[in-house]
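In: Provide a 3D model corresponding to the input given below.
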Amino acid sequence: MFAAMAVSFWYGTTLVVKGEISPGTVFAVFWSVLVGTRRLGDAIPQMGAILGARLAAADIFAVIDRVPDIDSSRMEGFTPEEITGRLSFTNVHFTYPSRPTVKILNDVSYEVNPGETVALVGHSGCGKSTMVGLLLRFYEQSAGIVALDGIPLRDYNIAWLRNIIGVVQQEPIIFSATVAENVRMGDDTFSDEDVEEACRMANALEFIKKLSDVSFFFD
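Out: The predicted structure is shown next:
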């Protein structure tokens, strides 16, 4: 580096003596090259991070640009006034798109009648949560039929279908808000009476009332 600086000054001085450039031009060129070289040296170590960011962005944009097989905003579909609640799985097969070689559900058939309580028991990864995902039409089964009251779920309006199904996850999420605000996450048209009734149906009302520092409707 110092040799390059010495050569630059020598050549610049030679041009000044010949009257081809001024001393100011020599210093301007010298410092421009010096600063530019240093900044380029600072930027080179970041090229790996920039390349990694580009690869990560490509994955993100692939998800954003992906057209889902199930259009949750679709307005078409059956929206009955009343349902009996008879649920059936008939010869259902399913594999996740990310793991097409691993069959999660293999020719599954069962029926749940209105008012009946059914427990699906099995080891982790056997497809219990997957069946809930199929009910909510987060996924489409590879083969077979999932039906409500004898009508395939794909024939129902998706928004209507998801609105009539209540799901309690293994690890419920509680927001930093009042009880009422948490309950109304599912439907902001709930009245105060509706909120209390929902808590009662969930067997949580008495438990909540025993908490002295918790309010239904105020922080």
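In: going forward, measure contacts between C-alpha atoms and count neighbours the same way
Out: Fine.
In: The residue nearest the centre of the chain is in what secondary structure piece?
Out: By CA atoms, centre = their mean, the chain has its centre lying nearest to Val63, at 9.6 Å. Here Val63 sits within helix 47-65, counting by DSSP states H and E.
In: Please state the mean pLDDT value computed over that helix.
Out: The pLDDT scores in helix 47-65 average 86.
In: Stretch 198-218 now?
Out: 79.
In: so where's this protein uncertain?
Out: For the chain, applying pLDDT under 70 flags the ranges 1-5, 7, 9, 214-219.
In: Domains in it, by residue range?
Out: What automatic domain parsing lists as the domains of the chain is 2-62, 87-163, 168-219.
In: Just give me how far the first one sits from the chain centre.
Out: From the chain centre to the centre of domain 2-62 is a distance of 43 Å (CA atoms, centre = their mean, to the nearest Å).
In: What of the second one?
Out: For domain 87-163, the separation from the chain centroid amounts to 21 Å (computed by CA atoms, centre = their mean).
In: ends of that domain, how far apart?
Out: Length of domain 87-163, first residue to last, CA to CA, to the nearest Å: 16 Å.
In: neighbours around Gln141, how many?
Out: 19 (other CA atoms under 10 Å).
In: same thing with Arg39?
Out: For Arg39, the tally of surrounding residues (other CA under 10 Å) stands at 11.
In: Any figure for the gap between it and Gln46?
Out: From Arg39 over to Gln46 (counting by CA to CA), the distance is 11 Å.
In: try Ile151
Out: Look at Ile151 and Gln46: by CA to CA, they are 57 Å apart.
In: who has more neighbours, these two?
Out: Counted by other CA under 10 Å, Ile151 and Gln46 do not tie: Ile151 has more neighbours, with 15 against 11.
In: Helices along the protein, start to end?
Out: Here the chain has its helices, by DSSP state H, at 2-17, 23-43, 47-65, 128-135, 158-163, 179-183, 192-201, 205-209.
In: Can you redo those helices as CSV, where the extra columns are distance to Ser142?
Out: Output for the helices of the chain, formatted as CSV (distance: least, CA to CA, whole Å):
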stretch, distance to Ser142
helix 2-17, 68
helix 23-43, 50
helix 47-65, 21
helix 128-135, 11
helix 158-163, 18
helix 179-183, 35
helix 192-201, 35
helix 205-209, 41
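In: For Gln170, which of those helices is the nearest?
Out: helix 128-135 (9.8 Å; CA to CA).
In: And the closest one, what's buried?
Out: 128, 130-131, 134-135 (16 or more other CA atoms under 10 Å).
In: And those residues, which is closest to Trp31?
Out: Checking the buried residues of helix 128-135 against Trp31 with CA to CA, the nearest one is Thr130 at 65.0 Å.
In: got the contact list for that closest one?
Out: Ile104 (CA atoms under 8 Å, 6 or more residues apart in numbering).
In: Please report how far it lies from Ala28.
Out: 68 Å.
In: before we move on, what about Ile165?
Out: Distance from Ile165 to Ala28, by CA to CA: 73 Å.
In: wouldn't Thr79 be in contact with Tyr156 here?
Out: Yes. Here Thr79 lies in contact with Tyr156, judged by CA atoms under 8 Å, at a distance of 6.2 Å.
In: more neighbours, those two?
Out: Using other CA under 10 Å, the more surrounded residue of Thr79 and Tyr156 is Tyr156, with 19 against 14.
In: Give the buried residues for stretch 67-74.
Out: Buried-residue list, stretch 67-74, by 16+ other CA under 10 Å: empty.
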